[in-house]
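# Sharing a model that was predicted from the sequence below.
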Amino acid sequence: MSEDFSHQSTDTETSLETLDDLVKYNNCKNIKNKTKKISLIKKLDLFDKNISNHIHSLELNAEFEYIVYIFARLFNPDMISIFYMFVFLYHAIIHKNYYFIIKPAIHIFSVLILSDILKAFFKRPRPEINLNVKRLFNLRKKEKNFSMPSGDSIQAANFAIITMFYFKVSFLGFLVIPFVMFARIFYFCHYFFDTLVGALVGGGVSLAIAFLLRKLNF
């Protein structure tokens, strides 16, 4: 009887050791997986910064920089508000269409809210200004929130969808997107991936909204 009991005790200890080893193995495996994920994120971050650095270190003639400056400011909240106000007045006065602005407004505020949510989620710091590189304008000092995604790139892609669906201009709006992306990186406001993600999110969400409004006959 005592032999059986000692046998059971030994078996229990063995099973406990095995369980303990299994827990350690799983913990070790989880740590390795997390390390791999962190490593991948770091590699992507480094790759992004290397690409962006090529644009950050560029210096342009004053004439070209003025053009870049226009694209860097084109989709700031103050500029885009003025633009859509003129659109509203045009349709209200010329076409007597007082409700036209509702559709673009749905697009603008939807992607604006999404942009703020994503910035709060990623919390990516903006690039540091390279003081050794000449710039005529310091747009970076005006940016106080996070970097990912680029709100201007989101609005540029949103603008492209709006012009395609509501102004029947199928390609012109899309030509603006890469220039806005470049300009925002040029002035140290963003990294390349910030603008790329912004353009993809802005275009995708705005396209979904446009199809939804069309389906609802709105």
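That came in fine, so what should we check first? Numbering: from 1, shown residues only.
# What ranges does the protein have for its helices?
Under the criterion DSSP state H, helices of the chain are mapped to 2-56, 62-73, 77-93, 102-122, 151-166, 172-186, 192-215.
# looking at these, which is buried most?
Scoring the helices of the chain by mean neighbour count under mean count of other C-beta atoms under 10 Å gives helix 151-166 as the most buried, with a mean of 25. All C-beta atoms are positioned from the backbone trio N, CA, C, and that covers glycine.
# Convert the C-alpha atoms of it to CSV, please.
Output for helix 151-166, consisting of C-alpha atoms alone and laid out as CSV, is shown next (Å, rounded to 0.1, in the frame of the first residue of the first chain):
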residue,chain,number,x,y,z
GLY,A,151,-4.0,63.9,-41.8
ASP,A,152,-3.1,66.0,-44.9
SER,A,153,-2.6,62.8,-47.0
ILE,A,154,-5.9,61.5,-45.7
GLN,A,155,-7.7,64.6,-46.8
ALA,A,156,-5.8,64.6,-50.2
ALA,A,157,-7.0,61.1,-50.9
ASN,A,158,-10.5,62.1,-49.6
PHE,A,159,-10.5,65.1,-52.0
ALA,A,160,-9.6,62.8,-54.9
ILE,A,161,-12.6,60.6,-54.2
ILE,A,162,-14.9,63.6,-53.7
THR,A,163,-13.8,65.1,-57.1
MET,A,164,-14.3,61.7,-58.8
PHE,A,165,-17.8,61.1,-57.4
TYR,A,166,-19.3,64.6,-57.1
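# helices or strands up against it?
helix 102-122, helix 172-186, helix 192-215 (3 or more C-beta pairs under 8 Å, 6 or more residues apart in numbering; DSSP states H and E).
# Run through who's touching the second one.
Okay, so that is helix 172-186. With contact meaning C-beta atoms under 8 Å, 6 or more residues apart in numbering, helix 172-186 is reached by 52, 55-56, 58, 68-72, 74-75, 150, 152-153, 156-157, 159-164, 190-192, 194-196, 198-199, 203.
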